[in-house]
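# with the input below, show me the fold.
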Amino acid sequence: MTVPGALAYLPAEVDTPDGHLDDRYGAFLEAAVMAAPLPDFGVRGEPYPALGALVLDAGAARSLVRATERLAHVFARATDAAVSEPGALERFGFPSSFIDMARREAPGVLPVLGRFDFVRDPKPWPGGDDSTGAWRAIEFNADTPSGLREMVSLEPLVRRHLPQTLAGHLPMATGVARRIGSAMAKAVAAPLPGGRAIATVGVVTDPAYLEDACQAIAFARAIGPTLARRGVHVTFGAVANLHRRGHRAWLRDVPIDALYRHAAIEAWPGTAAWDAMAVATDAGELRLVNGLRGVVAQNKGLMAWIWGRRDDPSTFDADARAAIRTYLPPTTWVEAIPPVPVRPGLVVKQAFGREGAEVAMGADLDEAGWGSCVRWGSYVAQARVPSMPSVAALPTSRGHVVTEAWPVVGGMVSGGRWAGAYARLGGRVTRHDARWCAVLSPDRATRSAHAPIRTGA
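Purely as a prediction, here's the structure:
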């Protein structure tokens, strides 16, 4: 059974052409833990990976690719404009040390890896290219996005363990690791300002956050072969291992020429890692691949900034203005308590929030809650997208159950180009306990759907 207007999920029953899901899941999970790596296979005793897939029809798959690439253009332009606009980053909540460093970074640099999180509005957009509904981007993870590990390692296992159930359905992208490796190679191809070629790339993470550490390992694995063929070595370490000797950044006992962070940077100022990164980049001795502009791009305040300039031809070209209206829900800063009748149509988000920890439905906030959001000055209100739940057979600690779950589909982007899909199924607000599932389509949506990304208006 499928809810009208919902995305289809397979299997929707516990009995499948490949057998009962409870009988198939153990072997799948064991393989996933070892291959990914996936030591974080459970969240508070409940399994994280689902043995199943959202299945997008050809129209939905193609429009997802197009939405992802068009929005990459929008956010690239918006980030550079906001960084240069007096007062904008202060309004977003960034400290002066961060702002100064972000403004020294070169404009027009697209993320090696980013992820737009979409929900599916069952109501088609007038004049859109998909008659079955419309994708709405509720946020952009441009700094340290999750999903690469699952796409590269888990998605093939799902298809291997449910070959009959998922027959005829293909991945949304192929060669994902190769694409990201190529984007990384492009990012480190030019020599440093002093003329030294980049020979070593450091990938850092915070081992205290297990998922971040595993995603960083997957990233290092993905870029390693491509960079090795170009004579560039990849080394791996913790944020606490990053320090400097003179003006040179070192990771553990290895001098590095470029740095890719897979750790939230909010707590870095005042640490040895921040000092090493700031001094070495200022001296031209280090290239920060995912720079601070990526942190700006994923701040929810930028979505409010974009929405406020959606009709401004001096900021966005015609295609970007159309993309904003098509794919972004109205988003504004919470500067006053909204009237009671308006609240059910809003979702409230903290500008720096991660993993849904500081997201609330507007109808669930009382006067005191709304007043706190106004007083703190760091919350945005976004129009709620009327998505529909999917019916899915999902794993639990007691075995598989058939239930309704709300999907959020991540459109991965690398260097401005489509790089695959990453989905989670959870409650009406996606939080850390949502389950991952594969994303497949009968139409292999591997080709870019948009013209080359431009960062100018």
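
# send me the longest strand seen in the chain as PDB with only the CA atoms.
Longest strand in the chain, counting residues (DSSP state E): strand 401-414. Provided in PDB are the C-alpha atoms of strand 401-414 (Å, rounded to 0.1, in the frame of the first residue of the first chain):
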ATOM      1  CA  VAL A 401       7.600  -3.600  11.100                       C
ATOM      2  CA  VAL A 402       5.500  -2.000   8.500                       C
ATOM      3  CA  THR A 403       5.100   1.700   9.300                       C
ATOM      4  CA  GLU A 404       4.800   5.200   7.900                       C
ATOM      5  CA  ALA A 405       7.900   7.300   7.800                       C
ATOM      6  CA  TRP A 406       8.700  10.700   6.300                       C
ATOM      7  CA  PRO A 407      11.600  10.600   3.800                       C
ATOM      8  CA  VAL A 408      14.200  13.300   3.400                       C
ATOM      9  CA  VAL A 409      16.300  12.900   0.200                       C
ATOM     10  CA  GLY A 410      19.700  14.400   0.000                       C
ATOM     11  CA  GLY A 411      20.900  15.500  -3.400                       C
ATOM     12  CA  MET A 412      24.700  15.200  -3.300                       C
ATOM     13  CA  VAL A 413      26.800  17.700  -5.200                       C
ATOM     14  CA  SER A 414      30.500  17.800  -6.000                       C
END
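
# surely residue 179 is in contact with residue 419?
Yes - under the criterion of Cβ atoms under 8 Å, residue 179 makes contact with residue 419 at 5.3 Å. For glycine as for every other residue, the C-beta is placed from the backbone atoms N, C-alpha and C.

# neighbour-wise, which of these two wins?
Remark: of residue 179 and residue 419, residue 419 carries more neighbours, 30 against 23, as counted by other Cβ atoms under 10 Å.

# the stretch 351-457 of the chain: helices as residue ranges?
Ranges of helices in the stretch 351-457 of the chain, per DSSP state H, counting those that start in this stretch, are 367-376.

# common neighbours of residue 179 and residue 419, please.
residue 173 (Cβ atoms under 8 Å, 6 or more residues apart in numbering).

# picking that back up, quick check, distance from the longest strand of the chain to the centre of its chain.
Computed by Cα atoms, centre = their mean, to the nearest Å, the chain-centroid distance of strand 401-414 equals 13 Å.

# how many neighbours does residue 253 have?
By the criterion of other Cβ under 10 Å, residue 253 has 8 neighbours.

# burial measure for the closest residue to residue 286 other than its chain neighbours, as a count.
Computed as Cβ to Cβ, 6 or more residues apart in numbering, the closest residue to residue 286 that is not its neighbour in sequence is residue 280, at 3.6 Å. Under the neighbour criterion other Cβ under 10 Å, residue 280 is assigned a count of 26.

# ok, residue 280 - contacts?
Counting by Cβ under 8 Å, 6+ apart, residue 280 has contacts 244, 247-249, 286.

# 10 Å instead?
192, 242, 244-250, 255-257, 259, 286-288 (Cβ atoms under 10 Å, 6 or more residues apart in numbering).

# tell me which of the residues you listed is nearest to residue 321?
Using Cβ to Cβ, residue 288 comes nearest to residue 321 of the contacts of residue 280, at 31.0 Å.

# hmm, that closest one is touching residue 273, no?
No - using Cβ atoms under 10 Å as the test, residue 288 is too far from residue 273 to be in contact (11.7 Å).

# higher neighbour count, the two?
The neighbour count for residue 288 versus residue 273, taken as other Cβ under 10 Å, is higher for residue 273 (26 against 20).

# show me where the stretch 251-400 of the chain has strands.
With DSSP state E, counting those that start in this stretch applied, the stretch 251-400 of the chain shows strands at 254-255, 258-262, 287-288, 331-333, 346-350, 359-361, 379-383, 390-394, listed in chain order.

# closest to residue 318 out of those?
It's strand 331-333; of the strands of the stretch 251-400 of the chain, that one is closest to residue 318 (Cβ to Cβ) at 21.1 Å.

# check the offset of the closest one from the chain's centre.
On Cα atoms, centre = their mean, the centre of strand 331-333 falls 20 Å from that of its chain.

# repeat that for stretch 29-45.
20 Å.

# so which of the strands of the stretch 251-400 of the chain comes closest to residue 81?
strand 331-333 (16.5 Å).

# quick check: mean pLDDT of that closest one?
The average of the pLDDT scores along strand 331-333 is 96.
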